[in-house]
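Asker: Next comes the sequence, and after it the predicted model I'd like to discuss.
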Amino acid sequence: MTSEEASGPRDIAVVAFAQTDVLRTTDEISEVEMLMPVLHQVLDRTGLKTADIGFTCSGSSDYLAGRAFSFTLALDGVGAWPPISESHVEMDGAWALYEAWTKLLTGDADTALVYSYGKSSPGSVRDVLTRQLDPYYVAPLWPDSVALAALQAQALIDAGDTDEPALAAIGARSRRVATLNPHAQRRGSVPQGEYVVRPLRVGDCPPVGDGAAAVILAAGERARELCSRPAWIRGVDHRIEAHALGVRDLTDSPSTRLAAEHAGAFERPVDTAELHAPFSAQEVVLRKALRLDDSVRVNLSGGALAANPMMAAGLVRIGEAAARIHRGESDRALAHATSGPCLQQNLVAVLEGDPR
Amino acid sequence: MSKEPVAVVGIGQTKHVAARRDVSIAGLVREAARRALDDAELTWSDVDAVVIGKAPDFFEGVMMPELYLADALGAVGKPMLRVHTAGSVGGSTALVAANLVAARVHGTVLTLAFEKQSESNAMWGLSLPIPFQQPLLAGAGGFFAPHVRAYMRRSGAPDTVGSLVAYKDRRNALKNPYAHLHEHDITLEKVQASPMLWDPIRYSETCPSSDGACAMVLTDRAGAARAPRPPAWVLGGAMRSEPTLFAGKDAVSPQAGKDCAADVYRQAGVTDPRRDIDAVEMYVPFSWYEPMWLENLGFADEGEGWKLTESGVTELDGDLPVNMSGGVLSTNPIGASGMIRFAEAALQVRGQAGEHQVERARTVLGHAYGGGSQFFSMWLVGAAAP
């Protein structure tokens, strides 16, 4: 038995992160053109080249791109020659990171490149997301993502968990802190605005935008060579809930709680949390499920209310949390990603820096 | 690092047909999953995680259908991953699931791939309206036919080889109750007389459009010890990708396919695939891809693959049977086709392939590819634990 076997699974860390500015429209560039600078940046941060990477995994959605096999062109941007060990999830990049993490755990690779991207601007993302719903009974009614999130927000208000001023404060805080985030799309003081779907106002909803993100993972000593303060992944887990909203308690997120338990989030307090809460009311649900009190710095990046690039926003949460550890601004951080209507599917990662 | 050995202990397929109008997408996938669990004598609660794959969401018109399918696959409260690597996805999905076991993240994983092509129109699903981009030239056959031509020119293969493959695979399909095409009156003459679609590819040398799903239960060593039927052990598995189009790409025998096979053989200790591997379930959507992949996978020297086919080596009773199940030429629910190859390989080494069982199948290769011959996934399974 090797020492590594004796000490359990190998340590894996996020060693680099890069993201684009999130923009309302990027008509003038393709997805590959949006992604390329990010890939170069993240590789430059470690000095690695494509050929040095042991495994590559990406996340994206054909429905956002408006065409089948859209990810195949993004692969051209990676420069997959000589051929690379590579995979793709039709999910947020946070789940691509999960697949890469398991690949590194097997020992088949020591480094991984994970990227994801999405352009919401070419279509109406509210309409597009209705195509995620049960295709026989629900999708034909075209209930849009804001309407579904409004049901969740109203359920929370009815349960006494929040009220409209409290929700407005979440949006205002997110955009205020986002003034320090050069990549965020909606920043600073903006009016809470009209109702989009009652009780949600403009300020309770995420901006629609385009963006991409990439991270590099590395195992063990390789991580220390590539990064002065690696963000060690202490645990990562994800869980899904029933699809039909009628069978779920929308004021709670048991899948987030379960994922957090399995990721070890409750073993010790975290100092930082990056939550993927596209709607203000969802932050209320997630804070409760994750037992985050006011001592935890939540969404210092501004979160999804300041920038919500579909398919990349979850990976950005992990990247932002890791970057804080890299910079010495956090010692133990939680990152969360979500997918599906009203927080149906949730991923939690716990990241730590070496003790100082 | 040591990896946990991975065993296939349950396999389930639907009867593949042109249109399953009697079930929803959820009903279709649940049928395959239920059969895989029954084969393993497990229940939904024994499953730790679900990994699902299919080819583009446009084929059914449902965006990220795993969200809607969570309930049908017993995934509520569990991790659920959705893989999409074009035509190779069925194989990639199984490998992602296998890695969850190999990494000791989960003990028992349900993996499933499906396509319900009748819900929509795959031709439109593959029509890419983006300017400055290679169109698929009237379907996948239009894209692949020039590469077949290039193979014929390079190898000097006589133009009868493709029809031999189709005739063989369609006869093999008659022995597989789950195969889509059951052409009881098939003859070599009928294949050769079928209309030319994309020269040199004839109608009877192309795959059908199928509705279908395939599921497997993968588990660790402890799970395998409890299995009621012989497990298939994963001896090696790999994925490789290369860009779609670039100067220097060998579309006839892509480097990614060679590298992928080499990685699998290295993991499994295979030094001479022709000698060490007993049978192959190979992704052959157009008949000529059998001789082409025989070379790409190292079973024949370059330019020699067609000779194996022509001499009967790849027949069910040949020395290296290929596509005992009838293959993609007889059954093509696109997203599931790769997983069917992987599952049929496992069925063979478990001795459970019924009428299309190969007697001496101890080590069998499952192979899938996708995109513009750019994505490859393969696994080698064996009757004996690694």
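Answerer: Thanks, I have the structure now.
Asker: only C-alpha atoms for contact and neighbour calcs from this point on.
Answerer: Fine.
Asker: who touches residue A:259 in this structure?
Answerer: A:236-239, A:346-348 (C-alpha atoms under 8 Å, 6 or more residues apart in numbering or on different chains).
Asker: Residue A:161 too?
Answerer: residue A:284.
Asker: out of the contacts of residue A:259, which touch chain B?
Answerer: When C-alpha under 8 Å from any C-alpha of the partner chain is applied, the members of the contacts of residue A:259 adjacent to chain B are A:237-239.
Asker: which other residues reach the helix or strand bottoming out on mean pLDDT in chain B?
Answerer: Here the helix or strand of chain B ranked lowest by mean pLDDT, DSSP states H and E is helix B:122-125, holding a mean of 74. The contact list for helix B:122-125, computed with C-alpha under 8 Å, 6+ apart, reads A:67-68, B:56, B:58-59, B:139.
Asker: The same query, at a cut-off of 6 Å, please.
Answerer: With C-alpha atoms under 6 Å, 6 or more residues apart in numbering or on different chains as the test, helix B:122-125 has contacts from B:58-59.
Asker: Please flag which of the ones next to chain B among the contacts of residue A:259 sit within strands.
Answerer: Among those, the members found in strands (DSSP state E) are A:237-239.
Asker: Go through those and say which is closest to chain B.
Answerer: Of all those, chain B sits closest to residue A:239, with 4.3 Å by C-alpha to the nearest C-alpha.
Asker: Highest neighbour count among the ones in strands among the ones next to chain B among the contacts of residue A:259?
Answerer: residue A:238 (29 neighbours; other C-alpha atoms under 10 Å in any protein chain shown).
Asker: Spatially, what comes nearest to that residue if we skip its sequence neighbours?
Answerer: In space, and not counting its chain neighbours, residue A:238 is closest to residue A:347: 4.0 Å by C-alpha to C-alpha, 6 or more residues apart in numbering or on different chains.
Asker: For the helix or strand hosting that neighbour, buried residues please.
Answerer: Take DSSP states H and E as the rule and residue A:347 turns out to sit in strand A:345-352. For strand A:345-352, a neighbour-count test (16 or more other C-alpha atoms under 10 Å in any protein chain shown) marks A:345-352 as buried.
Asker: any chance of the residues you listed in TSV, with pLDDT too?
Answerer: Formatted as TSV, the buried residues of strand A:345-352 follow (pLDDT from 0 to 100):
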residue	pLDDT
A:345	98
A:346	98
A:347	99
A:348	98
A:349	98
A:350	98
A:351	98
A:352	98
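Asker: so what's residue A:353 up against?
Answerer: Counting by C-alpha under 6 Å, 6+ apart, residue A:353 has contacts A:231, A:325, A:331.
Asker: Can I take it that residue A:67 is in a strand?
Answerer: No: under DSSP: H, G, I helix; E, B strand; the rest coil, residue A:67 sits outside any strand and is assigned coil.
Asker: Counting neighbours, what do you get for it?
Answerer: For residue A:67, the neighbour count with other C-alpha under 10 Å is 20.
Asker: now it: how far from residue B:336?
Answerer: 20 Å (C-alpha to C-alpha, to the nearest Å).
Asker: on that earlier part again, name the residues that touch the strand holding residue A:347?
Answerer: A:231-240, A:256, A:259-260, A:331-339.
Asker: same thing but at 8 Å, please
Answerer: Residues from elsewhere that reach strand A:345-352 (C-alpha under 8 Å, 6+ apart): A:13, A:94-95, A:231-241, A:255-256, A:259-260, A:263-265, A:318, A:321-322, A:325, A:330-339, B:67.
Asker: Repeat that for stretch A:268-281.
Answerer: Contact with stretch A:268-281 is made by A:149, A:152-153, A:156, A:162, A:167-168, A:170-171, A:204-206, A:283, A:286, A:295-301, A:303-305, A:308, A:313-314, A:317-318, A:320-321, A:330-338, as judged by C-alpha under 8 Å, 6+ apart.
Asker: where are the low-confidence patches of chain B?
Answerer: B:1, B:127-138 (pLDDT under 70).
Asker: list the contacts for the residue most central in space within it?
Answerer: With distances taken as C-alpha atoms, centre = their mean, residue B:338 lies nearest the centre of chain B, 2.4 Å away. Going by C-alpha under 8 Å, 6+ apart, residue B:338 touches B:87-92, B:283, B:367-369.
Asker: related to what we said a few turns ago, return the member of the contacts of residue A:259 nearest to residue B:28.
Answerer: Nearest to residue B:28 among those is residue A:239, at 23.0 Å by C-alpha to C-alpha.
Asker: re earlier: which ones among the contacts of residue B:338 also lie next to chain A?
Answerer: Restricting the contacts of residue B:338 to those near chain A - C-alpha under 8 Å from any C-alpha - leaves residue B:92.
Asker: Now compare the contacts of residue B:338 and name the two farthest from each other.
Answerer: Longest span within the contacts of residue B:338, C-alpha to C-alpha: B:92 and B:283, 13.1 Å.
Asker: More neighbours: those two, which one.
Answerer: Ranked by neighbour count (other C-alpha under 10 Å), residue B:92 and residue B:283 place residue B:92 first, with 35 against 29.
Asker: Specify the local secondary structure of that one.
Answerer: helix.
Asker: Let me see the contact set for it.
Answerer: Counting by C-alpha under 8 Å, 6+ apart, the residues that residue B:92 touches are A:87, B:83, B:85, B:239, B:338, B:377-378.
Asker: Can you flag which of those belong to helices?
Answerer: In helices, defined here by DSSP state H, the members of these are residue B:338.
Asker: Redo the contacts of residue B:92 as TSV? Include distance to residue B:346.
Answerer: Below are the contacts of residue B:92 laid out as TSV (distance: C-alpha to C-alpha, whole Å):
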residue	distance to residue B:346
A:87	22
B:83	21
B:85	21
B:239	18
B:338	13
B:377	15
B:378	12
